[in-house]
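1. would you be able to build a 3D model of this:
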Amino acid sequence: MNTFRLFLAFFIIVFYMPQTYRFNPVIRQLYSMNLFLTYTEAKRFVRILTPASMLLFLFTCLLLSYLY
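-> Coordinates of the predicted model:
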């Protein structure tokens, strides 16, 4: 479980840090890989994934603090 938490923390740092209000290379990269049909779909996915990954990390931290 600690390796999962470490992986999730690393993912959040790598995924969230390059995002700014005016420029978001994560959205452009996802859109250029043809994972989404439109730029708006890629933007919506990133907008949902970012807080969801942070909440998952916080949940795992809380869960581990109660278990150990």
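
2. got the contact list for Phe15?
-> Going by C-beta atoms under 8 Å, 6 or more residues apart in numbering, Phe15 touches 26, 49-50, 53. The way it works is simple: take the backbone N, C-alpha and C, and place the C-beta from them, glycine included.

3. is it true that Leu35 touches Ala42?
-> Yes - using C-beta atoms under 8 Å, Leu35 makes contact with Ala42 at a distance of 7.1 Å.

4. higher neighbour count, the two?
-> Each of Leu35 and Ala42 has its neighbours counted (other C-beta atoms under 10 Å); Ala42 has more, 21 against 11.

5. ok, now how distant is Tyr66 from Leu55?
-> 17 Å (C-beta to C-beta, to the nearest Å).

6. so how do I select the buried members of the contacts of Phe15 in PyMOL?
-> Those of the contacts of Phe15 that count as buried under 16 or more other C-beta atoms under 10 Å are selected in PyMOL with:
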select buried, resi 26+53
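
7. filter the contacts of Phe15 down to the ones in helices?
-> The helices, defined by DSSP state H, take in 26, 49-50, 53 from these.
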